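1. Here's a sequence, model it:
(chains A and B)
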Amino acid sequence: MPDMDRAAMTRLVYQRLADPGFRRLLHATAPDGTRPIIVVMPDDPILGLLHQVRAAGGSGNVVFPALNGVVVLTMEAASDATSTDIEGAEGDVTPSPLRSDSTVGVFLERLRLDVAFSGPAVSYEFIVEGTDERTERAEAKVVALAG
Amino acid sequence: MLRLVSHVSTDELVRFAVIQQTYSQGEWRHVAMADSCHDVDVHLHQYGRRSDARVGDPEVLLPVTSANDIHRGYDLAYTRVVEGWVENHRRWQDA
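-> This is a model prediction of the structure:
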């Protein structure tokens, strides 16, 4: 599954959408009632994922391949790039920040460790490097680790 | 874009539309749409850039006689819309 390319992964997600059980994993809903799905690959930079979540209206259902299926996350970005006002879910933690130029694969490994200790909802800060180095904050909630 | 209609009690897929859009002149516009919205077949609509409306007759991809046909048609719709993305867009540009 991790060797799958983006086109094959997108097709797999499309096929899985016909399954009611998979559709029930998609918790993030946009204001217009749609449920944005963001397909990402392990080598994608986290910054690209954050941009896609923002482009989807601030929250999205993130799907990426894993060893034995797909991982489904609900991700919500803070409304302001420098804001820290996301209301944490029960049991959430704020682990040490992640660099936004890290890959989604690194993020997944961090998430696996953090979820084991703190439960499915984890808030992260992502350091975005540039001329105005800043942090972005997003909450990731694991819906299925092998959906 | 994908629209799905499912059965209220079973959540099974009963109707779908797979829509290819392009951003043009400040708006998202339909390029092609494969759907099962008349319940008798799965068909593909093409749209035109100039009219911003459907052009030509829909192409029937698969007659629908059972729930299984909806699932087969759903898969076929992906192939025609996503794998035909560039060709659909070229037709939209020219129409």
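
2. Going along the chain, name the helices of the chain.
-> Looking at chain A here, since you left the chain open. Here chain A has its helices, by DSSP state H, at A:6-16, A:20-23, A:46-55, A:104-118.

3. wrong one, I was asking about chain B
-> Along chain B, the stretches classed as helices by DSSP H are B:67-82, B:85-94.

4. Let me know which of the helices of chain A is tucked in deepest.
-> Among the helices of chain A, helix A:46-55 has the highest mean neighbour count (mean count of other Cβ atoms under 10 Å in any protein chain shown), at a mean of 19. Backbone N, C-alpha and C define where each C-beta goes, glycine included.

5. Point out the residues in chain A that sit beside chain B.
-> A:10, A:11, A:14, A:15, A:17, A:18, A:20, A:23, A:24 (Cβ under 8 Å from any Cβ of the partner chain).

6. got a list of what the last one touches?
-> Contacts for residue A:24 (Cβ atoms under 8 Å, 6 or more residues apart in numbering or on different chains) come out as residue B:11.

7. Skipping its backbone neighbours, what lies nearest the residue in chain B that chain A sits nearest to in space?
-> Nearest to chain A in chain B, going by Cβ to the nearest Cβ, is residue B:11, at a distance of 3.5 Å. Once flanking residues are discounted, residue B:11 sits nearest to residue A:20: 3.5 Å by Cβ to Cβ, 6 or more residues apart in numbering or on different chains.

8. Do I have it right that the one you found meets residue B:12?
-> Yes. Residue A:20 lies in contact with residue B:12 (Cβ atoms under 8 Å); the separation is 6.4 Å.

9. need the residues of chain B near chain A, please.
-> Counting by Cβ under 8 Å from any Cβ, chain B sits next to chain A at B:2, B:4, B:6, B:10, B:11, B:12, B:13, B:71, B:74, B:75, B:78, B:82.

10. Could you pull up the contacting residues of the last one?
-> Applying Cβ under 8 Å, 6+ apart, we find residue B:82 in contact with A:10, A:11, A:14, B:18, B:20.

11. shared neighbours of residue A:20 and residue B:12, which are they?
-> Common neighbours of residue A:20 and residue B:12 (Cβ under 8 Å, 6+ apart) are residue B:6.

12. thinking again about what came up before, out of the contacts of residue B:82, who's nearest residue A:117?
-> For the contacts of residue B:82, the residue nearest residue A:117 by Cβ to Cβ is residue A:10; the value is 32.2 Å.

13. could you check the distance from the spatially closest residue to that closest one that is not a sequence neighbour over to chain B?
-> Closest residue in space to residue A:10, ignoring its immediate chain neighbours: residue A:39 at 5.1 Å, by Cβ to Cβ, 6+ apart. Separation of residue A:39 from chain B (Cβ to the nearest Cβ, to the nearest Å): 12 Å.
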